[in-house]
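J.: Quick one, what's the 3D model for this:
(chains A, B, C, D and E)
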Amino acid sequence: MEIAWLAWAVLFLPLASFLLISLVTWPYRKLSGLVTITGIGISAILSLWILARVIADPTPVTSTWHWLTVGSVRIEFGCLVDALSASMMMAVCVVSFLIQVYSTAYMEHDEGYSRFFAFMALFTFSMLGIVLANNFLMIYIFWELVGLCSYLLIGFWYFKPAAAAAAKKAFVVTRFGDFGFLLGILLLFHFVGGFNYGEIAHAVEGGHIPASWLTIATVLVFCGAIGKSAQFPLHVWLPDAMEGPTPVSALIHAATMVAAGVYMVARTYDLFHASADAMLVVAYIGGITAFLAASMAVAQSRMKRIIAYSTCSHLAYMMMALGLGGYTAGVFHLLTHCFFKALLFLSAGAVMTLYFHEENIWRMGGLYKYMKVTAVVMILGGLSNAGLFPFAGFFSKDEILVTALHANTGLYILGLLVAFLTTFYTFRLIFVVFFGPRSEWSPVAHGHDHHHVELPDIGNPRPSQIWKMQPVDPAERAESDRHLKKEPWAMIIPLSILATAAVVAGFVGWPGLEKGFSSFIYYHGAHEHHAFDMTTAVASNIIVIVGILAAWAIYGKRKTAADPLSEMLGPVYRLFERKYYFDEIYLWFIRRFVDGGAAVLAWFEENVFTGVFANGIGGLFMELGRVLRLFQSGWVQRYALIFFLGVLVLVMILIYGVPGEVPGAIAAIGGVK
Amino acid sequence: MGVGLLLPEIIACIGGLLILTERLFSKGEPERKDAAWFGAGVLVIAGVAALRLLGVNETAFQGSYRVDDLAVFFKLVAVVAGAITLLFAPDLLAQRRVKSGDFAALVLFAATGMMLLPSALDFITLFISLELISVSFYVLIGMQRGEVRSAEAGLKYLLLSGLASAVLLYGMSLIYGLTGSTYLTAIRQAFSGGEWPLLAGIGSLMILAGLGLKIYLVPFHMWAPDVYEGAPAPTVAFLASGSSAAALAAVLRLFGESLAGLNGVWLPVLLVLAVVTIALGNIVALPQTNMKRLLAYSSIAHAGYILLAIVARSSAGTAAVMYYCFLYAVTTVAAFGVISAFAETSGGEIRSFAGLARRSPFLAFVMLITLASLAGVPPLAGFMAKFAVFAAAVQSGYVVIAGIGLLLSVISIYYYFMVIKAMYVDEPVEATPITYGWGTQAALIIGLGGIILLGLIPWPLLRLAQEAATFARF
Amino acid sequence: MMDPVMGEPNNATVIAFAVISAMVLFGGLGVVLLRNVFHALVAMVVCFLGVAGVYFSLQADFLAVMQVLIYIGAVAVVIAFAVMLTRRGTMSDSNRFVDNSFQLVIGTVVAGGLGVLLLGEICKIAWRISADKLPGDLTRFLGEAMLSKLAIPFEIAAVLLLVALVGAVMIALEEVQKSR
Amino acid sequence: MGFPVVSATVFAPLIGALVIMCVPASRKEVIRWIAAVATGISLALAIYMVFGYDLAAGGVQFAEKINWLPAFGIKYFVGADGISVTLLLLTAIVGFTGVFASWGIQNRVKEYYITFLALTFACAGVFAAFDLFLLFVFFELAVLPKYVLIAVWGSTKKEYAAMKLALYLTLGGAITLLGIFCLYFVAGINTMDLLELARHQFTHNQQVWLFALLTLGFAVQVPIVPLHSWLPDAHTGAPTAGSMILAGVVMKLGAYGIIRVAIWLFPEGAVVWAPVVAILAVVCVVYAAFVAMGQKDLKYMIANSSISHMGYSVLGIAALTTAALAGALFQFFAHGIMAALNFAIAGMTYDRTHTRIIAAMGGLAKVMPVIAIAFAIGCLASVGLPGTASFWAEFSVFVGSFPIFPTLAVLAISGIVFTAYYMLRAIQRVFFEPLRHKEFANLPDARWYDWVVVSVIIFFIIAMGVYPSLLMDLISSGLSPILAGLPEPSAGGWLAFLGGVQ
Amino acid sequence: MMDISCYLGLSTILFVIGLFGALTKRNAIVVLMCIELMLNAVNINLVAFSRFLDPGQLLGHLFVIFTIAVAAAEVAVGIALVLVLNRYRDTIDLDDFTWLKG
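T.: This is a model prediction of the structure:
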């Protein structure tokens, strides 16, 4: 039980930090940062220790508290510590800790410093909740909380319209996936009568769930993963999410939260494994997303967006692996990706911090000499990202490709293609930012305090376009370059630790290792191909090298800050650049059907329910009153006439009776009893 | 008991005569209010005398006059309505150059009629009591000097009431011709066989029409709005509360008791007319701009509710009628008390209620409670009364009718609340605070207390009504 | 038709009834149709006299006398005063119908219809004629009834008349004084 | 009988109102504090009842019975079971915070607080009454103060809105009253005591029609969609505290009536009509969400979202399973405080900016961060985020109704997406983005009384989000007699074709 | 002695004449006169019934005494009101008295 208590401590320390900051220390910036770093730091240490314990004794440990009983529904708050969750917990805590340290430098001058650390702590808590959850309801709860944190952090600079819009977009789009997730959970609960993974696994094994419903439920649950892991077709929020501060992008939108989808699939693999159709869906969604995202990354102009699409693509890779039965491969890539993607983001953040908060790669160029540390770690991260031997990315990616090779040739080829694209866009980024000449449009520091001036977005400049733009005066630029700072230690340390991890982490999956990764995290019910495939390894390395060379050929020797690829690919480039027009299509759909529907119904509400029903009926009575009032003419003889007309009618009815069934009707009314 | 049975009426009558006599020998400045208050005192004494008659249950004058709890209850309604009216009336009458003595005497005579009517057990007594009420009201309505509307209202009431009397008499004569008696008990026996000629039906309908005028039955209600508007507010207070209650007592006696055998004729008619009355009263009240007219239509609507209890033809229904009459009397008198306190100068336009809450919070509060009671907001008296009435209707199986009635009553919220809105929301047209005499204040406090207390503690009065209702036969 | 009590109606009674009826009906019609309100008033008096005749023919002598005294002696006189006090314009056109033809038409229909229906129903009834004898001294009989079983209405009637008298004075005294 | 806790809880506001009547109108501060103390006592007693209620014993506790109108078997019978305790707590919270939300009112303060306290009193009475007649009395008693509150202290179209509210609610009341009459005479046991009536066996036919009648009456108050037209106008027109109590408590009266009266007394009728109610509930959820989306006025948006959220409650009511009903009742509480918070915030921003048009604000978070955070929490609660009370409510409803009406439940659950869409859009446009108008730059943030409102409500939102069993156990205990009369839940009814899971 | 139906018929016709006049004559005094005609018609009815059907008790006769009194009272008050109206409005045509309406 000791482990369980430690796990609870890991979980609640960040929450405690959050509460402490939001209730007490928020006016004191430094203290707030310290609180979070301390809290998460302790968590990280504990999580490492737990991982060590779990490696020693991989028996799963659970601990549950009763939370709520509603009717027959018993809801528990429980944690499950096994190899998977312990590894993930470690990754989350460590990456998070490093990023908090980094953030002290990155956010140094931000007025929302305390708020930032509070939110980060809350996020870490929520993410750990997902990792530790032992039942579907709990994972859903933390799933939503993670969504909340993502919302809060993307919209951290809420006064920027783009950030505010992106935050909302992220929340709503992922909510769309959560809708399916919730339905899936409800469906499972309906058949199983419980939320626990164990119970559900048991029910699946026992065949208590009809096969078709199992597939539906599983796909619905997967919807949640699609949303959170930014898979096609709900991938649109991720690039926009880059409006948040870079540490947020690194932690949430690269290393951890977006990985939650993959983690969830792995966590509930019993479910997926039982349904071949659902697995296929997962695999193909993964494959499609991997390609789409990688191709879009090729034609982006903003540094973080390129990395974001890369994230998307890598997550899809993992999904594909899981879908094809490569449980270990997927999870392994999840963990290694965690480090190198955080590294890439943080280095990008470092570049931006030092370079006047500029993000467009076409305003950069030749930055290597100004920020050597950053450049080096970023190149290391890039190589890992591309998957070159012996970097971490290579090992995990290789396993995925091997899995695909054995399972689905089409996806295998797609995987290789994606590997090429990955290398290409990664090195496009690196070459354009760090090498070659400085861009004509590079930003300059202004005024006495070198404040940053928002520059117009130039996107990907076309070679034919460059003369239409106003280049910066070289003298001014040179003056301003003198003010470029060096990376602070708070950035260098986390970056180097992550870089180390990005380089070496892969070796735990070294194929020849006796007690390697695959013997630590594996799915008991599946037979996986862990055999090292030399052909694939060589092929992928060749692809990486070709990719680097291609990038060098196109970008390494560029003379101007314009993308030559745009002329080579033509309309295809434009398609990539505009992200296959997904945003436009979705927006059109929302404008047309959601907003349009809302407008129509609001009109209906105002004119039919209010206009016709309420006011209409009311007005009808009023008009009736006005008409009847005319009989009250004030002329007493008219009154008398009405009086006697009444008498006459009554007498006539008495004598001649009334037509039809009126007396019967009256009698009937009287006779309801 | 002999003459003791008539003690309340005699007291009231003698009181009226005393006031008239005093009028003859004094100059009678209009400012004097003592006559009215004397009248109120007389009515209180009459009321005490009436209370002593509870449980007596005796028939006198060869079966033409009966004192039972039913009658006593209605006597009490008359007494309460008259006494409260006389408390606040002189404040207004003084402004209107009406001698409060004249007014008080007539109110006492009318009250005498109202006390006699529920006891009347033959056509002659019934008719003459009714006419005493009517004639007193002709004068009460038209006596406001220098106010042509008052005379116009008086003449309209007189002509229509006269025509109604003629119809009523004609109907009575037919019933008399067919049964050979004017005694209600004898008539009841004559029709108890179940066989009756069509002419008897015609007679009963004519009686219904004649009395229908007094109880605001549509289409015999046409006088009400004009009279309410034209007559001085205290008169209307007493007219709306006392006159219709007494007439309802007569209806209960006549139709419940003597014409019970003819219910195949009048029951469906009343059923339909009740709904029509509720509908018309509520709907035509909607566009009204004059408070008194509005209350006239409201009276019509309320008459419709009461009729539902009459058609229920049960002990509970009768109790509900009585209970309703009492509570409605208190509520109406309070409402007209407020009107009389300030709005009469403008002819009772709703506009003049604007901002009343600021000019006189007390008056506004009384009016608020009164209107809420009329609208049936629980737990005020009006709600309890409505509750009893609809309960009786449903109990007798008239679920659909009661439902229609209840739905139509929703309309009334609109016009009552419009007045509340005027008092509490609108800006006052003139900011002068309103002053009123202590008589008005006392009357309003009594009315307010009645509305609230009879709502909160409905049981004693309802039990009284229920016990009294056992004297009604069906 | 045989009258069991009073025997066969003879010519004299028929003629007397015809005359009385004519007085009543033409008097009534005169009130309505004559263009001069004074003439109408006279017609009303004729009608009242006719009604008194009806009472007489029904052996209600006391009532006949009362009819003459009260209706002709009091009511008609009061009305005559009123007519004089309110006279204005040409007397020859002082008793007009209303201008509103709707009112006229419907009024006629209502009144006529009611009359037709009533007559029709009245004729259908076989009235049970009582064989009892009239009391010997009718006036005494009525007087005694007034003071015994009808004591209450009697008293009320007194109050009623008082109210009417006082009320009329209250309403109109000022007017009478002014117009004097 | 010891201290009459329930009566004291219910009557404390009324006594406060009576005391205020005796205070001169110029002593505004005194009046406000009297109101605060009165509602504070109410809140304290309600909290005492939450903890003092004996869950093991269950049933109606703290009961007080006095004969009122024996002719009709009417008693003054108040008490508290688990449901009542929960809803009394809700009323007390909203009443207490409403007093502080109104602190800034300067116009006719005395009358304002009298009206407000009277309204609080009436609402609390409904939840405490165990006599049908008494329940109805409190029900109707609430209409007049509502009218006055809106008509006098309201804004936009206030008189129209107030009148519409009064007419609609009275219409509902009239139908309910008819239903009460019918049920009283049909039962024929001369009692209005709900406990005794619940023991009476109505025939199937009677149950079907009486349920329909009563539910129709109550549906106006909820409101369920075709009868809802009064609500947006009323909630928008009302002053801040008025909107709070309207959305927070008054909307619950009708739904409470359905559970307390219609379902308890006529379980078979409930089963027959359940599919109809469920369909209407889903229409509420989806339709109102879309209408809310199309609103330009912040309060209109919140008002329509309230209809949408109460749709969940109604769905839970229709499903008739333990979890669904418990969820519905929990939603009363959760939505009650959350809507109160949202309206309080809308009021605070309106007081400062003098506009409610969403597009006319913008960037206010910089100027009034506390209010912005509170609104964000309110919106997120409205979105049903875990950690807020609303999550448990909606989740229970979904869990409970999904097996019964799968298709409808799916449609209803889709509401969580739409709600997120318009709620977050509102936050974005009102509080985020750059400050749109320069003149808003110097607006004050929350004052001390705003702090009271915001912190009390947020405390309860989060507390019940984290520790829901406190109320959920009470609710379940209160539901057990009601559920006892219900047949085993089963999918479909006559609309089984919409289902198909089993 | 004539048949009772003759009296009843006479009375009904007089009633109708009175009613017709009351509904259609302008002059307020004439309308009052018409009402008197109607009351007289009723009286004929009552006396006839009393004579033919109830000679023992003669309730009709008694009734008539009271109706005559009532008729006189009504006329007295009515005339007073007409005089007041005539004074203020200088007309006694009923269709002019429409201040109060609606």
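J.: quick one: secondary structure of residue A:456?
T.: coil (DSSP: H, G, I helix; E, B strand; the rest coil).
J.: Quick one: neighbours of it, just the number.
T.: 9 (other Cβ atoms under 10 Å in any protein chain shown). Any C-beta I mention is one placed from the backbone N, CA and C, and that applies to glycine too.
J.: And the pLDDT for it?
T.: Predicted confidence (pLDDT) for residue A:456: 76.
J.: could you measure it against residue A:462, distance?
T.: 16 Å (Cβ to Cβ, to the nearest Å).
J.: burial count for residue 135?
T.: Defaulting to chain A. 24.
J.: that's the other chain; I wanted chain D
T.: The tally of other residues near residue D:135 (other Cβ under 10 Å) stands at 26.
J.: What strand or helix carries it?
T.: helix D:132-141 (DSSP states H and E).
J.: helices or strands up against that helix?
T.: helix B:381-395, strand D:61-69, strand D:74-80, helix D:109-128, helix D:158-187, helix D:194-199, helix D:251-257 (3 or more Cβ pairs under 8 Å, 6 or more residues apart in numbering or on different chains; DSSP states H and E).
J.: Of those, which is nearest chain E?
T.: helix D:158-187 (21.7 Å; Cβ to the nearest Cβ).
J.: Just the buried residues of the closest one, please?
T.: D:158-187 (16 or more other Cβ atoms under 10 Å in any protein chain shown).
J.: Sticking with the nearest residue to residue B:16 once chain neighbours are set aside, tell me its helix or strand.
T.: Nearest residue to residue B:16 in three dimensions, chain neighbours excluded: residue B:108, at 3.5 Å (Cβ to Cβ, 6 or more residues apart in numbering or on different chains). Here residue B:108 sits within helix B:100-116, counting by DSSP H and E.
J.: Name the next helix or strand downstream of that helix, please.
T.: helix B:123-142.
J.: quick one: is that following helix near chain A?
T.: No: Helix B:123-142 is not in contact with chain A by Cβ under 8 Å from any Cβ of the partner chain; minimum separation 13.2 Å.
J.: how big is the angle separating the next helix or strand after that helix from helix B:123-142?
T.: Remark: after helix B:123-142, the chain's next helix or strand is helix B:148-179, criterion DSSP H and E. Orientation of helix B:148-179 against helix B:123-142 (axes from the mean of the first three to the mean of the last three Cα atoms, to 10 degrees) gives an angle of 170 degrees.
J.: so who does the residue nearest to residue D:173 when sequence neighbours are not counted touch?
T.: Spatial nearest neighbour of residue D:173, chain neighbours left out: residue D:140 (5.0 Å); criterion: Cβ to Cβ, 6+ apart. Counting by Cβ atoms under 8 Å, 6 or more residues apart in numbering or on different chains, residue D:140 touches B:376-378, B:383, D:170, D:173.
J.: Please convert the residues you listed to JSON lines, extending it with pLDDT and distance to residue D:372.
T.: Converted to JSON lines, these look like this (pLDDT from 0 to 100; distance: Cβ to Cβ, whole Å):
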{"residue": "B:376", "pLDDT": "90", "distance to residue D:372": "45"}
{"residue": "B:377", "pLDDT": "89", "distance to residue D:372": "41"}
{"residue": "B:378", "pLDDT": "85", "distance to residue D:372": "43"}
{"residue": "B:383", "pLDDT": "92", "distance to residue D:372": "46"}
{"residue": "D:170", "pLDDT": "92", "distance to residue D:372": "39"}
{"residue": "D:173", "pLDDT": "92", "distance to residue D:372": "40"}
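J.: so residue A:64 sits in a strand?
T.: Yes: counting by three-state DSSP, residue A:64 is part of a strand.
J.: Now do the contacts for whatever residue of the stretch 1-150 of chain D ends up closest to chain E.
T.: Nearest residue of the stretch 1-150 of chain D to chain E, counting by Cβ to the nearest Cβ: residue D:147, 26.2 Å away. Taking Cβ under 8 Å, 6+ apart as the criterion, residue D:147 is in contact with B:417, B:420, D:162-163, D:165-166.
J.: can you give me the strands for the chain?
T.: Going with chain A. A:61-70, A:73-81 (DSSP state E).
J.: meant chain B, my bad for not saying
T.: Under DSSP E, chain B gives strands at B:58-60, B:65-67.
J.: so which of those gets nearest residue C:13?
T.: For residue C:13, the closest of the strands of chain B is strand B:65-67, at 39.5 Å, according to Cβ to Cβ.
J.: Over to the closest residue to residue D:189 other than its chain neighbours: give its phi and psi.
T.: Spatial nearest neighbour of residue D:189, chain neighbours left out: residue D:200 (5.9 Å); criterion: Cβ to Cβ, 6+ apart. Per-residue torsions, residue D:200: phi -80, psi 140 (degrees, to the nearest 10).
J.: mind checking how far residue D:200 is from chain E?
T.: Between residue D:200 and chain E the computed distance is 51 Å (Cβ to the nearest Cβ, to the nearest Å).
J.: in the chain, which ranges drop under the pLDDT threshold?
T.: No chain in the question, so chain A it is. Within chain A, the segments meeting pLDDT under 70 span A:1, A:445-454, A:466-469, A:512-515, A:525-531, A:658-673.
J.: nope, chain E please
T.: In chain E, residues with pLDDT under 70: E:1.
J.: Alongside chain A, which residues does it contribute?
T.: E:19, E:22-24, E:31, E:94-95, E:97-102.
J.: what about residue 88, neighbour count?
T.: You didn't say which chain, so I picked chain A. Neighbours of residue A:88 (other Cβ under 10 Å): 29.
J.: Hmm, no, I was thinking of chain E.
T.: Neighbours around residue E:88, by other Cβ under 10 Å: 15.
J.: No more questions from me, cheers.
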